[in-house]
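Undergrad: Here is my input; please provide its structure:
(2 chains)
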Amino acid sequence: MDGNSSTPRITCAYLNQYVGKLVTVVGKVVQLRGEEATIDADGTIHAYLNREAHLSANNGVQLIGKVNPDLSIKVLSSIDLGQGVDYSLANAVVEVTHRYKPLFLYEN
Amino acid sequence: MAGYGGYGGGDAGGFMAGSQQGGSQGGGSKYADESLRPVTIKQLLDWEDTYPGMDPTIDGHPITQVTIVGQVRSVKPQPTNITYKIDDGTGAIDVKKWVDSEAQGEGENGSGAGAIAPDAFVRVWGRLKSLGGKKHVSANFIRQIEDFNEVNYHLLEATYVHLFFSKGAAGAGGAKQDGGGDSMFVDQGYGAGGGGADVAMGGAGPGGGNSAMRARLATCSRNAQTICNFINNSPGGTEGVNLHVIAQGTRMNVRDIVNAADELLGQGIIYTTQDDETWAILDY
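TA: Numbering: from 1, shown residues only, chains lettered A, B, ... in the order given. Have a look, this model is predicted:
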């Protein structure tokens, strides 16, 4: 990733605005099935994991990936956040990101 | 608020430590102008230096020390420094941590840079530098983040400080007594602006002599405090600031401003000048 690009933090509700783009999602792992995962980020998101992913159900996770046309996410990088993630805080950051875009994201 | 205050205190500690190092390397910069501001990486990248050696500013205010939080994307050890690429989702920037030759061998015990691995979340304190159009942060200190919530906390804090500088202090909350006042934008009023804006506002008070006015202002509505701050920060002086200028600057609607101005007039904080829609601060 080079300098002037951002991976906006989004929740489920913003998926359709970011089809084909890289995004960051913080959510809770609801279900794991092989290389597919269901994530709760203020709504259910379907994610296709890569081989390096090491997630555990019920833990928090940060995914960075590309939004597919069917609003699933092709994950490029994931990191387990363990327990104790404040999801309402994460969702608040998403709202702030979109209210004060100049601080957080490049429009392109 | 209590939790926030706790965090603020922590950052204030970081500021003290950082500024001492900074003072010796900062050359001409004045100690009183030192501050530690939480920012997003995009804010750093968006600043454009129009001439070499220019002091960086964000939202029209000079920045000295900054703190960023992000994920390490790459680690490149160099002979004199370690260069990290830090990405916080808003952008990515190089962070250079100079190798302290005397402290070598202490890499493992947390404070050393050697312990930081790719993909870890880190908090960085440092200064923004621009060399030949390429920006980097010269880090005083890097530490790994234990609690992921600090990442989100930092982003909200960066937004808060941005709004503080661009729109004035929040009218409500614990900051009211000191912060509702007028002096925090003057000169170095924000100089202590580490994590806790409360601290900053309570700090320097170069305005002087208008504590009575501040006490009165504290009883006013949020709108009234906002426009009072705005008028105070405008160059109008005794000629006053017009309604339309206020409307443009604060993005409030005209009716709210007129109501708030009535309130301030009633309190004797402002007075009308050229016409009924132009006001100046009485204690100016």
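Undergrad: Neighbours of the residue nearest to A:L71 when sequence neighbours are not counted, how many?
TA: Leaving aside its chain neighbours, A:L71 sits nearest to A:L15 (4.5 Å; criterion: C-beta to C-beta, 6 or more residues apart in numbering or on different chains). C-betas here are computed from N, CA, C, even on glycine. A:L15 has 20 neighbouring residues, counting by other C-beta atoms under 10 Å in any protein chain shown.
Undergrad: Kindly report the same for A:Y18.
TA: 16.
Undergrad: Quickly list what B:Y84 is bridged to.
TA: B:V75, B:V95 (DSSP bridges).
Undergrad: Would you quantify the distance from A:V19 to chain B?
TA: Counting by C-beta to the nearest C-beta, to the nearest Å, the separation of A:V19 from chain B is 18 Å.
Undergrad: for the residue nearest to A:L71, helix, strand, or coil?
TA: Secondary structure, DSSP: H, G, I helix; E, B strand; the rest coil: A:L15 is helix.
Undergrad: and it, what pLDDT?
TA: Reported pLDDT at A:L15 in the predicted model: 95.
Undergrad: And the one 10 residues further on, by the same measure?
TA: The score at A:V25 is 96. That number is its pLDDT.
Undergrad: quick revisit: these two touch, right, the residue nearest to A:L71 and A:T44?
TA: No - at 10.6 Å, A:L15 and A:T44 do not qualify as touching, with contact defined as C-beta atoms under 8 Å.
Undergrad: hang on, the earlier thing: for the residue nearest to A:L71, what are its contacts?
TA: A:23, A:45, A:67, A:71, A:73 (C-beta atoms under 8 Å, 6 or more residues apart in numbering or on different chains).
Undergrad: Secondary structure class of the second one, three-state.
TA: Of the three states, A:I45 takes strand under three-state DSSP.
Undergrad: what bits of chain B have low per-residue confidence?
TA: B:1-32, B:101-115, B:170-212, B:214-215, B:283-284 (pLDDT under 70).
Undergrad: Walk me through the domains of it.
TA: B:36-103+B:115-167, B:211-281 (the TED database).
Undergrad: what's in contact with stretch A:45-61?
TA: Outside stretch A:45-61, the residues touching it (C-beta under 8 Å, 6+ apart) are A:12, A:15, A:25-32, A:35-39, A:63, A:65, A:68, A:71-85, A:87, B:148.
Undergrad: Quick one: name the residues of chain B near chain A.
TA: Residues of chain B lying close to chain A by C-beta under 8 Å from any C-beta of the partner chain are B:40, B:42-43, B:45-46, B:71, B:73, B:87, B:89-93, B:119, B:147-149, B:152-153, B:155-156, B:158-159, B:162-163.
Undergrad: out of these, which are buried?
TA: Neighbour counting by 16 or more other C-beta atoms under 10 Å in any protein chain shown classes B:40, B:42-43, B:45, B:71, B:87, B:89-93, B:148-149, B:152-153, B:155, B:158-159, B:162-163 among the residues of chain B next to chain A as buried.
Undergrad: Pull out the buried residues from stretch B:34-53.
TA: Quick answer for stretch B:34-53 (16+ other C-beta under 10 Å): B:34-45.
Undergrad: From those, which land in strands?
TA: If you go by DSSP state E, the buried residues of stretch B:34-53 have B:36-38 in strands.
Undergrad: What count of nearby residues applies to A:S6?
TA: Neighbours of A:S6 (other C-beta under 10 Å): 27.
Undergrad: list the contacts for it?
TA: A:104-106, B:42, B:89-91.
Undergrad: What is the burial count for A:T97?
TA: Other residues close to A:T97 by other C-beta under 10 Å number 24.
Undergrad: just so I have it, where are all the helices in chain A?
TA: Secondary structure of chain A (DSSP state H): helices at A:87-99, A:101-104.
Undergrad: can I get those in TSV with mean pLDDT?
TA: Listed next are the helices of chain A as TSV, based on pLDDT from 0 to 100:
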stretch	mean pLDDT
helix A:87-99	95
helix A:101-104	90
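Undergrad: Make a markdown table from the ones you listed and add distance to chain B to it.
TA: Output for these, formatted as a markdown table (distance: least, C-beta to the nearest C-beta, whole Å):
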| stretch | distance to chain B |
| --- | --- |
| helix A:87-99 | 5 |
| helix A:101-104 | 5 |
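Undergrad: export those to a markdown table and tack on distance to B:A280?
TA: Compiled in a markdown table, the helices of chain A are given as follows (distance: least, C-beta to C-beta, whole Å):
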| stretch | distance to B:A280 |
| --- | --- |
| helix A:87-99 | 33 |
| helix A:101-104 | 32 |
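Undergrad: hang on, the earlier thing: of all pairs in the contacts of A:S6, which one spans the longest distance?
TA: Farthest-apart pair in the contacts of A:S6 is A:Y106 and B:G89; separation 11.3 Å (C-beta to C-beta).
Undergrad: centroid residue for chain A?
TA: Per C-alpha atoms, centre = their mean, the C-alpha nearest to the average position across chain A is that of A:V25, at 1.6 Å.
Undergrad: who's in contact with that residue?
TA: Neighbours of A:V25 in contact, by C-beta under 8 Å, 6+ apart: A:9-11, A:39, A:41, A:45, A:47, A:62-65, A:73.
Undergrad: if you set the cut-off to 7 Å instead, what comes out?
TA: Contacts for A:V25 were tallied using C-beta atoms under 7 Å, 6 or more residues apart in numbering or on different chains; they are A:10, A:39, A:41, A:45, A:63, A:73.
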